[in-house]
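Trainee: build me a structure from this.
(one chain, ligands or ions: 1)
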Amino acid sequence: MSQLASRRIVLGVSGGIAAYKSVDLCRRLIELGAHVVPVMTDDAHRFIGPVTLSALASEPVHTSLWDDASVIPHTKLGQTADIVVVAPATARVLSAYATGSSEDLLTATLIATRAPVVVCPAMHTEMWEHAAVQENIKTLRRRGVHVVEPEIGKLAGGDVGAGRLASTDSICAEIIRVLELSHDLAGIDIVVTAGGTREPIDAVRVISNRSSGKQGYAVATVAAQRGARVTLITTVDRAVPAGVLEIQVETAQQMKDAVDAAAVSADVVIMAAAVADFRPVICADQKLKKADGIPNIVLESTPDILAGLGQRKPVGQILVGFAAETDSLVAHAKAKLTSKCLDLIVANDVSAPGVGFGHDTNAVVILSPNAPPISVALADKHTVAHALLDSVVKVRRQKQETK
Ligand code: C5P
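Mentor: Take a look at the predicted model:
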């Protein structure tokens with residue numbers, strides 16, 4: 001088995017008792033064909049000796065930002081890695097990574113790399129369940145970091161609970177999965193929209209909706225990690241991975257202009273944005289005065305961006321819509337799939353708890369004209385984004401086969 005042949009894995013080891021298990025992980029990664037470059041924090045040295053890892057990896061253990069005068073070690077490690085894995089990841093390392101504080105070689109490498117990152121937390125249950133640690137995990141996930149959750153079991157000192165480092169098997173499986181995903185959209189141009197449009201009433205007021213843009217950003221983040229060239233057309237401002245081209249817009253018309261221009265050369269267009277269906281016919285130049293009484297705001301329809309793209313879809317292009325519904329989810333979504341000439345539609349029941357607008361989680365049904373529906377149960381929006389992009393990969397393959 002050489003599933004990791006010629007893969008360069010930076011293996012970060014931080015200072016917890018589970019550091020001894022990193023030795024087994026290092027050995028298994030090498031058996032799978034990887035070239036392992038170990039990086040240890042100062043505290044990790046209290047648990048295992050660097051010679052153990054360097055002997056297994058046939059590579060000196062890197063420990064300090066200052067131990068190699070000829071190169072900048074953290075950028076070199078980050079740039080040459082196919083993947084960075086931190087096992088065990090302590091609460092301190094997770095915190096430094098989440099806040100962007102590059103306090104030692106390992107955390108500097110995490111900030112410097114553009115390779116996918118897998119963190120494998122291990123700590124006592126009280127620490128793992130602490131709000132600060134959970135917030136950091138949430139932040140890292142939102143940025144596209146892969147987390148191999150700790151297991152429940154025996155911990156140091158005879159305690160039992162959640163916090164034990166995941167098994168070597170689970171960590172290896174996740175590394176293989178992430179590396180496979182990291183290039184299945186390579187060379188594909190994807191346009192993603194995110195957020196709710198804002199339609200001006202006057203100089204200060206707008207008509208808008210509750211969309212947070214989180215699902216669109218998750219799709220853009222995951223698509224970039226899987227190798228796509230991503231253009232993100234958005235009404236909100238959130239963190240995206242380096243390399244994603246972000247275009248800020250506000251109104252449905254601005255979004256249409258930006259999407260139409262970008263869609264000309266796109267392989268895939270994913271309309272995750274909640275585009276306003278109506279806008280005021282007139283936008284007052286000045287703020288409307290309360291003293292002048294209740295204004296009579298007349299609305300008109302906005303252009304349907306996706307329907308327009310559907311009508312002039314180039315051969316081979318994949319169009320994906322979202323359908324936020326509160327009733328008859330699948331029936332309404334199917335109707336939109338057909339009327340807008342889409343390849344896929346992601347339907348979510350926004351009246352269900354934890355689903356849709358503003359939440360970090362979503363539950364969706366992915367529909368396509370010729371395949372059975374795929375249900376994704378309540379999960380974080382990155383998981384939903386992966387499921388959607390899996391469907392995009394399938395549709396693309398089918399289109400190429402029938403060419
Ligand atoms: O018809 P409905 O608005 O429910 O369709 C939702 C889908 O259509 C979403 O993908 C949304 O981004 C897109 N849409 C659009 N232009 C509009 C309204 C919705 O592209 N004016």
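Trainee: who are the packing partners of the helix ranked longest in the chain?
Mentor: In the chain, assigned by DSSP state H, the helix with the most residues is helix 381-401. Contact partners of helix 381-401 among helices and strands, from 3 or more C-beta pairs under 8 Å, 6 or more residues apart in numbering; DSSP states H and E: helix 214-225, strand 268-271, strand 318-325, strand 344-349, strand 361-368, strand 371-380. Every residue, glycine included, has its C-beta placed from N, CA and C.
Trainee: check the gap between the residue of the stretch 1-150 of the chain found nearest the ligand and Val222 for me.
Mentor: In the stretch 1-150 of the chain, the residue that lies nearest the ligand is Arg142 (21.4 Å; C-beta to the nearest ligand atom). When C-beta to C-beta, to the nearest Å is applied, the distance between Arg142 and Val222 equals 11 Å.
Trainee: looking at the two, which one has more neighbours?
Mentor: Val222 (25 against 19; other C-beta atoms under 10 Å).
Trainee: residues contacting that one?
Mentor: Under the criterion of C-beta atoms under 8 Å, 6 or more residues apart in numbering, the neighbours of Val222 are 144, 382, 385-386, 389.
Trainee: please repeat the previous calculation with a cut-off of 6 Å.
Mentor: 382, 385-386 (C-beta atoms under 6 Å, 6 or more residues apart in numbering).
Trainee: from those residues, which is closest to Val249?
Mentor: Sorting those by distance to Val249 puts Ala385 at the head of the list, at 21.0 Å, by C-beta to C-beta.
Trainee: thought that closest one was touching Thr221?
Mentor: No. Look at Ala385 against Thr221 with C-beta atoms under 6 Å: they stay out of range, at 7.3 Å.
Trainee: for those two, indicate the residue with more neighbours.
Mentor: When Ala385 and Thr221 are compared on other C-beta under 10 Å, the one with more neighbours turns out to be Ala385, at 29 against 24.
Trainee: near the ligand, which residues of the stretch 301-403 of the chain?
Mentor: 302, 304-306, 321-323, 336 (C-beta under 6 Å from any ligand atom).
Trainee: ok, 8 Å please
Mentor: With the criterion set to C-beta under 8 Å from any ligand atom, the stretch 301-403 of the chain comes near the ligand through 301-309, 320-325, 332, 336, 340, 345.
Trainee: of those, buried ones?
Mentor: Judged by neighbour count, with 16 or more other C-beta atoms under 10 Å as the criterion, the buried members of these are 302, 304-306, 309, 320-325, 332, 336, 340, 345.
Trainee: pick out the most distant pair among these.
Mentor: Across these, no pair lies farther apart than Leu309 and Glu325, at 20.9 Å, counting by C-beta to C-beta.
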